[in-house]
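Undergrad: Sequence and computational prediction follow.
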Amino acid sequence: MPPIRLTYSLLMIAALVACSLMLRRSQARLPLPAWQKLAIGLAAFCGAMIGAKLPFVLSDWEGLRSGSAWLSDGKTIMCGIVGGYFGVEIIKWALEIRVKTGDTFAAPVAIAVAIGRVACFHGGCCYGTPTSLPWG
């Protein structure tokens, strides 16, 4: 099992809290009951977590068979955003919600990604590719 990185973990929790608070505020104008807003937010979170992890799980066949692939390091922001989108669309379809909700996610997702990037740098996972170029 990978080691627990305290700063990374705390910053990711801060990203989740900031995103949740901003989402709650931005969804205040939606003409939906509170439970549907909560369902949409939870679906976005679950979809994003599954989507972010899925490429790493599918590329580790041995870990997939043993179940350890879901516990290893590795997530991707692009697949997380796509997974979050599908999570929202699936719950809206299941609850027959016809209200546009995409705009309410723009600022919360942006702040979560920004804080998450700082967490990744503290975790040592996203330094990029070494280069000898003068601007790198």
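TA: Ah, there it is. Numbers count the residues shown, from 1 in each chain.

Undergrad: what sits against residue 20?
TA: 41, 108 (C-beta atoms under 8 Å, 6 or more residues apart in numbering). C-betas here are computed from N, CA, C, even on glycine.

Undergrad: and if you look at residue 54?
TA: By C-beta under 8 Å, 6+ apart, the contact set of residue 54 is 79, 83.

Undergrad: any idea how far residue 98 is from it?
TA: Distance check for residue 54 against residue 98: by C-beta to C-beta, to the nearest Å, it reads 28 Å.

Undergrad: Same check on residue 43?
TA: In terms of C-beta to C-beta, residue 43 sits 16 Å off from residue 98.

Undergrad: Tell me which of the two has more neighbours.
TA: residue 43 (20 against 6; other C-beta atoms under 10 Å).

Undergrad: Leaving out the residues flanking it, which one is nearest to the more buried one?
TA: Of all residues beyond its chain neighbours, the one nearest residue 43 is residue 91 (3.7 Å), with distances taken as C-beta to C-beta, 6 or more residues apart in numbering.

Undergrad: Fine by me, thanks again.
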